[in-house]
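Novice: missing the sequence, but the structure's below:
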């Protein structure tokens, strides 16, 4: 998959992560989108590096999607912990 495919996958993974972990995010839509894209890259890297699961070149591979969504969830939780304080 090329860089454009990873960005699209990241956008979709960020949306799925947001659906799985609802609530108010400090960054809004743009922050969640960036977290999704970064999560896709990080999830893919962790999967390939530490789990010996190479990322397929197929956009529709389930393991690729799971890695991207997992990475997005981890980053979203970390983002909420670090920057989730109330803005009242």
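Specialist: Nice, I can see it. Note that the structure is a prediction, hence the values are computed from the model and not measured.

Novice: which residues does the spatially closest residue to residue 12 that is not a sequence neighbour contact?
Specialist: Using C-beta to C-beta, 6 or more residues apart in numbering and skipping the chain neighbours, the partner closest in space to residue 12 is residue 36 (7.4 Å). Glycine gets a C-beta too; all of them are placed from N, C-alpha and C. The contact partners of residue 36, by C-beta atoms under 8 Å, 6 or more residues apart in numbering, come to 10-15, 17-18, 68, 72.

Novice: One more pass at 7 Å, please.
Specialist: Counting by C-beta atoms under 7 Å, 6 or more residues apart in numbering, residue 36 makes contact with 10-11, 13-15, 17, 72.

Novice: Over to residue 18?
Specialist: Contact analysis of residue 18 by C-beta under 7 Å, 6+ apart lists residue 32.

Novice: In which helix or strand does residue 24 reside?
Specialist: For residue 24, there is no host helix or strand (DSSP states H and E).

Novice: now it: how far from residue 76?
Specialist: As judged by C-beta to C-beta, to the nearest Å, residue 24 and residue 76 stand 12 Å apart.

Novice: got any residues that touch both of the two?
Specialist: Contact criterion C-beta under 7 Å, 6+ apart; no residue bridges residue 24 and residue 76 by contacting each.
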